[in-house]
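Undergrad: sequence and computational prediction follow.
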Protein chains: 2
Amino acid sequence: MLTERQLLILQIIIDDFIRSAHPVGSRSLAKKKGISFSSATIRNEMADLEELGFIEKTHTSSGRVPSEKGYRFYVDHLLSPEKVSHKEIKRINDLFTEIYEMEKVIQNAAKVLSELTEYTAIVLGPTVEDNKLNRFQIIPLNAETAIAVIVTNKGHLEHKLFSLPKSVNSSDLEKTVNILNERLVGMPILELQSKLINEVVTLIKENVHNYEAMLRSLLDVLSVPSNEKLYYGGKTNMLKQPEFQDIEKIQGIMSLMEEENDFYQILKQTPFGIHVKIGSENKIPVMDDCSLITATYSIGEEQVGTIAILGPKRMHYSKVISLLNLLSKNMTVTLTKLYDL
Amino acid sequence: MLTERQLLILQIIIDDFIRSAHPVGSRSLAKKKGISFSSATIRNEMADLEELGFIEKTHTSSGRVPSEKGYRFYVDHLLSPEKVSHKEIKRINDLFTEIYEMEKVIQNAAKVLSELTEYTAIVLGPTVEDNKLNRFQIIPLNAETAIAVIVTNKGHLEHKLFSLPKSVNSSDLEKTVNILNERLVGMPILELQSKLINEVVTLIKENVHNYEAMLRSLLDVLSVPSNEKLYYGGKTNMLKQPEFQDIEKIQGIMSLMEEENDFYQILKQTPFGIHVKIGSENKIPVMDDCSLITATYSIGEEQVGTIAILGPKRMHYSKVISLLNLLSKNMTVTLTKLYDL
DNA sequence: TTTTAGCACTCATCTAATGGGAGTGCTAAA
DNA sequence: TTTAGCACTCCCATTAGATGAGTGCTAAAA
């Protein structure tokens, strides 16, 4: 167990390092206000803290730097919640006053968040997996082409252009649409495809000429692409951090962001609430120097998406957590109002 | 006017520099096959080429590097068209065989193009500006919410969730939809808004209770967001180039890409066909070290979008031009087949 | 007149040496 | 238990050579 003084010293070291990015030495620490003991004493305490694994040296005679364990302890026990300024509150609230388009709101949220934190923001758009079919529709464009549209109970819309088989006439189309709506409305969209194949096919077969070509197209439409995109804000903020002045590192992180899949998986699997992953806790080698803070947002009671901040391990944790907290709550309120149908 | 020998030397210098990124000296040039004169002679010729502004030195005793004027001359007069390999042809053709969804096709095109060139690909999605309204539709979700949908004659679909004013009933909705379709179908979507305000308002006013709240929502929907997005591929390829090992430069370019607006403007205003802009010709300071090659694609006769490759000035021009040529043509053919309705 | 060999000179880059500064660990005294 | 003092370590910035690729110029050769 750490003594009061060790806690104080550890806290100051980490706070200081987060601010300055420079290793913290005993002498400079001794000059801090609130410190009434000498640098030699601090050196002794530092040696102990190092032995316990909370801080490290970058070389034999350097100041101390927080270790991953140190950051973890700091985040879990030493964090003093930071007040969000009025200006920041306003920026976040403004996100939800003007525009009401989901995609725009999310995109702007990522942008604003990255500006306020000066880190990189990543937002995973709302999942549609558990939505249910509200309406299926076909909009003919001309004799050969039509657009199939599905709308879910949460107001999500997917559409797809497809070619009409030559032999399908408008009454066939109508019949098909009717059958599909009768049979499929209310179904979870994930099950649409199998339902279509297993149950509805025979019905259509009985009622519509040339059902095969038609069906192939429809199946295609119903293979709902998970439309949960990642939105980034401030990708280039990473470049401002002194720990990322190295092209190799930059390339690693940037590729990771461009690839998208890893972050998609990570954000997708995020548990409810705010969570901090530090360095190697992220389980991805190129993220060893990064921390990722995630916050979930919901529609009604249902967790639907995730907001995250990616930054160096030397991140301003308390500020980021406060901002994420505020934003995710606002997001939940707004989306619930709009989409909790 | 340049002599044959000067042309030869200039060509070799640029070819060599594009390959190696190292300044080209007289001695190494003299060893190239096809060169039957001494390094001293070459030095003299180089001095002349430098005086004419085609090549430069990086310092007093360095080899020569192409100047912007040199690249320009090279692109305009010395380019030998490069054959596209079978493998590359296949990769590009494959883009259009499987999937038929516009957005995916474009996204993949950017990705594949960046992989084939090892530069950054930027694709501007098809414009919808000159599309005409094909159908307007309202899909009610529940008592308070509905989705407005517009479909254009080119198969483009826009939708937006909006709140139904309390007093609007389903017959009002139906009437409104009918009136709008009667009056607006066939209109260029750019004009929809003004048409709605100027002409159709009175009609709706006469037929629908509480038309104001309704209209406000609809206006909102009809303010068609120009959906012409930019798609990037291989943003991080920029980091591989030896001329971009400098964080400052990287940051400049990356920010430019993230901001999107500049590239949107540039690609939007691209003239038909393939064009090369070298360094400062791009008129944007951070692009002084970049070249941008653009190619347009069309639906039918109508130019609708642009594909571009962004790379260092030391770009493999002939290869990129060949690939862009191939891709833009394929793109035009495919889109025309699908969307020239 | 054109081409070439020769030579002095320039500049980037690499390596090694040097000195200062920040910081540490240890010891012995307060 | 705390502190002052001191030797020691390592980073970092600077300097000094040494090397090598390349140039411009001159004078001789073709």
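TA: Structure received.

Undergrad: what helix or strand is A:A308 located in?
TA: Per DSSP states H and E: A:A308 is located in strand A:302-312.

Undergrad: now that strand: mean pLDDT?
TA: Summarised as a single mean, pLDDT over strand A:302-312 is 96.

Undergrad: helices or strands up against the helix or strand that that strand is followed by?
TA: Toward the C-terminus, strand A:302-312 is succeeded by helix A:317-339 as the next helix or strand (DSSP H and E). Packing partners of helix A:317-339 (3 or more CB pairs under 8 Å, 6 or more residues apart in numbering or on different chains; DSSP states H and E): helix A:86-94, helix A:102-117, strand A:274-278, strand A:290-299, strand A:302-312. C-betas here are computed from N, CA, C, even on glycine.

Undergrad: and A:I138, that's in a strand?
TA: Yes. Checked against DSSP: H, G, I helix; E, B strand; the rest coil, A:I138 lies within a strand.

Undergrad: could you give the bridge partners of it?
TA: A:A148 (DSSP bridges).

Undergrad: and it, what does it touch?
TA: By CB atoms under 8 Å, 6 or more residues apart in numbering or on different chains, the residues touching A:I138 are A:A146, A:I147, A:A148, A:V149, A:L173, A:T176, A:V177.

Undergrad: which one is A:T152 nearest to, not counting chain neighbours?
TA: Nearest residue to A:T152, sequence neighbours excluded (CB to CB, 6 or more residues apart in numbering or on different chains): A:N131, at 3.4 Å.

Undergrad: so the one you found touches A:V151, yeah?
TA: No. Between A:N131 and A:V151 there is no contact under CB atoms under 8 Å: 9.3 Å.

Undergrad: ok, what's across the strand from A:G311?
TA: Assigned bridge partners for A:G311, using DSSP bridges, are A:S291.

Undergrad: assess the claim that it and A:C290 are in contact.
TA: Yes. Taking CB under 8 Å as the definition, A:G311 is a contact partner of A:C290 at 6.7 Å.

Undergrad: burial measure for the residue of the stretch 101-250 of chain A found nearest DNA strand D, as a count.
TA: The nearest approach of the stretch 101-250 of chain A to DNA strand D comes at A:P242, 11.0 Å away (CB to the nearest atom of the strand). Close neighbours of A:P242, defined as other CB atoms under 10 Å in any protein chain shown, add up to 10.

Undergrad: what does the pLDDT read for it?
TA: Predicted confidence (pLDDT) for A:P242: 93.

Undergrad: for it, give its distance to A:E82.
TA: Noted for A:P242: a distance of 22 Å to A:E82, by CB to CB, to the nearest Å.

Undergrad: assumed A:Q193 was part of a strand.
TA: No. According to three-state DSSP, the state of A:Q193 is helix, so it is not within a strand.

Undergrad: so it makes contact with A:V201?
TA: No. Checked against CB under 8 Å, the pair A:Q193 and A:V201 is beyond contact range at 11.3 Å.

Undergrad: quick check, nearest of the contacts of A:I138 to DNA strand C?
TA: Once CB to the nearest atom of the strand is applied, the member of those that ends up nearest DNA strand C is A:I147, at 58.0 Å.

Undergrad: my read: the closest one touches A:S163, true?
TA: No. Assessed by CB under 8 Å, A:I147 is found out of contact with A:S163, at 11.2 Å.

Undergrad: neighbour count for the two, which is higher?
TA: A:I147 (21 against 13).

Undergrad: which one is that one nearest to, not counting chain neighbours?
TA: Leaving aside its sequence neighbours, A:I147 sits nearest to A:I139 (CB to CB, 6+ apart; 4.6 Å).

Undergrad: if we can go back for a sec, the residue of the stretch 101-250 of chain A closest to DNA strand D contacts A:R19, correct?
TA: No. Here A:P242 does not reach A:R19: they are 11.8 Å apart, not a contact under CB under 8 Å.

Undergrad: any idea how far A:S171 is from A:H159?
TA: 23 Å.

Undergrad: again, but for A:S114
TA: Taking CB to CB, one finds A:S114 at 53 Å from A:S171.

Undergrad: same check, this time on A:T58
TA: 77 Å.

Undergrad: for A:L2, same thing?
TA: 79 Å.

Undergrad: then A:V185?
TA: According to CB to CB, A:V185 stands 21 Å off from A:S171.

Undergrad: neighbour count: these two, which is higher?
TA: Taking neighbours as other CB under 10 Å, A:V185 and A:S171 compare with A:V185 leading, 14 against 11.

Undergrad: how about that one, what does it touch?
TA: A:K132, A:L133, A:N134, A:R135, A:F136.

Undergrad: which phi and psi does the second one have?
TA: Yep, that's A:L133 we're talking about. A:L133 adopts backbone torsions of phi -70, psi 130, taken as degrees, to the nearest 10.

Undergrad: so it sits against A:K154, correct?
TA: No. Applying CB under 8 Å, one finds A:L133 not in contact with A:K154, separated by 11.0 Å.

Undergrad: and A:T296, bridged to which residues?
TA: A:T306.

Undergrad: that one: neighbour count?
TA: The burial count for A:T296: 22, using other CB under 10 Å.

Undergrad: in chain A, which spans are strands?
TA: Counting by DSSP state E, chain A has these strands, from start to end: A:55-57, A:64-66, A:120-124, A:133-140, A:145-152, A:157-163, A:230-233, A:274-278, A:290-299, A:302-312.

Undergrad: and those strands, which is most packed in?
TA: strand A:120-124 (a mean of 26; mean count of other CB atoms under 10 Å in any protein chain shown).

Undergrad: elements contacting that one?
TA: Against strand A:120-124 (3+ CB pairs under 8 Å, 6+ apart) you get helix A:102-117, strand A:230-233, helix A:261-268, strand A:302-312.

Undergrad: switch to 10 Å and redo it
TA: helix A:102-117, strand A:230-233, helix A:247-259, helix A:261-268, strand A:290-299, strand A:302-312, helix A:317-339 (3 or more CB pairs under 10 Å, 6 or more residues apart in numbering or on different chains; DSSP states H and E).

Undergrad: next, the angle from the last one to strand A:302-312.
TA: The reference is to helix A:317-339. 150 degrees (axes from the mean of the first three to the mean of the last three CA atoms, to 10 degrees).

Undergrad: how distant is helix A:317-339 from the center of its chain?
TA: Counting by CA atoms, centre = their mean, to the nearest Å, helix A:317-339 is centred 12 Å from the centre of its parent chain.

Undergrad: which parts of stretch A:87-103 are buried?
TA: A:E88, A:R91, A:I92, A:L95, A:F96, A:Y100, A:E101, A:M102 (16 or more other CB atoms under 10 Å in any protein chain shown).

Undergrad: export that stretch as PDB, just CAs?
TA: The C-alpha trace of stretch A:87-103 is given here as PDB (Å, rounded to 0.1, in the frame of the first residue of the first chain):
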ATOM      1  CA  LYS A  87     -17.500  27.400 -23.700                       C
ATOM      2  CA  GLU A  88     -17.000  23.700 -24.000                       C
ATOM      3  CA  ILE A  89     -20.500  23.000 -22.800                       C
ATOM      4  CA  LYS A  90     -21.800  25.400 -25.300                       C
ATOM      5  CA  ARG A  91     -19.900  23.800 -28.200                       C
ATOM      6  CA  ILE A  92     -21.300  20.400 -27.300                       C
ATOM      7  CA  ASN A  93     -24.800  21.600 -26.800                       C
ATOM      8  CA  ASP A  94     -24.800  23.500 -30.000                       C
ATOM      9  CA  LEU A  95     -24.200  20.200 -31.800                       C
ATOM     10  CA  PHE A  96     -27.800  19.200 -31.100                       C
ATOM     11  CA  THR A  97     -29.700  22.400 -31.600                       C
ATOM     12  CA  GLU A  98     -29.500  23.100 -35.300                       C
ATOM     13  CA  ILE A  99     -29.300  20.000 -37.400                       C
ATOM     14  CA  TYR A 100     -31.300  16.900 -36.800                       C
ATOM     15  CA  GLU A 101     -29.700  14.600 -39.200                       C
ATOM     16  CA  MET A 102     -28.100  11.600 -37.600                       C
ATOM     17  CA  GLU A 103     -25.100  11.400 -39.900                       C
END
